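Participant: Predicted model, plus sequence, below.
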Amino acid sequence: MSSVKSNAMTNKYRKLKAKMSDRFKNMKQGGTWMKVENWLNVSKLVVGVGMVIFIISMITKQIDGELVAYYWMAGGVITTIIMSTILLSRKSGNHSIGSFIEKMFSLYVPSLVTLVPIIALIVIFHEVKRVLHRSSAHLPSQFYTFHYLTFFFLTLQLVLLNNFFNGEVRALLAGITNPNKAAYMAALLLTTLVSLVSVAELYIIITRFITDG
């Protein structure tokens, strides 16, 4: 059964890669290779590939694969930060430096708070990778519970971040203010706190397991 699921997720991963390849090809052919909006779409696909890699690795219980997935997710968020900075700088016109910094800060905060739990997970799994490899068959059930719970909240954050930037890009291109910005920022801050609590509990479970082992 797990083999069937793994094959299905592998096929999904290949389709995402093909979609990314088509996106790059269309960008080149259309003469819009450096268009910021296209790169923001690519960053979403990068995050999507990371999530598919994580699910495949979770099914097959490959710790290294999960680390790779976190790197992909982090790469997608960082690309979003860079591209949103470029987009804002191009659309700011004659606005003052203070106004630009204020707008940039409002874009950085949602991205950075989403990046924090991803980086925390990368650090934790790098530290305990060898132990998890050696004792993967004997890990307590609480480890998997909080591991999946953390991924769920992280996925929720990434979905919220995607919706936030969809609204922000449309607002920037139209020269208006995104009416849902405050709601999305509040939701992202809340899910970040929940994610960090889940990450902390996951770390406690791992360290207790190492100590008992």
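Facilitator: Alright, I've got the coordinates.
Participant: how about the most centrally placed residue in the chain, what does it touch?
Facilitator: The chain has residue 73 as the residue nearest its centroid, 3.7 Å off, counting by C-alpha atoms, centre = their mean. By C-beta atoms under 8 Å, 6 or more residues apart in numbering, the residues touching residue 73 are 47, 50, 51, 54, 118, 154, 158. Using the backbone N, CA and C atoms, a C-beta is placed for each residue, glycine as well.
Participant: and residue 156, how many neighbours does it have?
Facilitator: For residue 156, the neighbour count with other C-beta atoms under 10 Å is 16.
Participant: Contacts only, for it.
Facilitator: residue 191.
Participant: Quick check: the gap between residue 134 and residue 54.
Facilitator: To residue 54, residue 134 is 21 Å away according to C-beta to C-beta, to the nearest Å.
Participant: and what of residue 112?
Facilitator: 21 Å.
Participant: Looking only at neighbour counts, state which of the two leads.
Facilitator: The residue with more neighbours, out of residue 112 and residue 54 and counting by other C-beta under 10 Å, is residue 54; that gives 23 against 15.
Participant: For that one, I want the exact helix or strand it lies within.
Facilitator: Per DSSP states H and E, residue 54 falls inside helix 36-60.
Participant: from the chain's centre, how far out does that helix sit?
Facilitator: Offset of helix 36-60 from its chain centre (C-alpha atoms, centre = their mean, to the nearest Å): 8 Å.
Participant: now it: mean pLDDT?
Facilitator: Across helix 36-60, the average pLDDT comes to 80.
Participant: Residue numbering should commence at 32 henceforth.
Facilitator: From this message on, residue numbering opens at 32, which makes the last subject helix 67-91.
Participant: Return the list of helices and strands in contact with that helix.
Facilitator: helix 33-60, helix 94-122, helix 172-205 (3 or more C-beta pairs under 8 Å, 6 or more residues apart in numbering; DSSP states H and E).
Participant: And the ones you listed, which one averages the lowest pLDDT?
Facilitator: Looking at the helices and strands packed on helix 67-91, the lowest mean pLDDT belongs to helix 33-60 (a mean of 58).
Participant: If you count neighbours, what's buried in the strand or helix carrying residue 161?
Facilitator: Here residue 161 sits within helix 128-165, counting by DSSP H and E. Neighbour counts over helix 128-165 (16 or more other C-beta atoms under 10 Å) mark 134-135, 138, 141-142, 144-146, 148-149, 151-153, 155-156, 159, 162-163 as buried.
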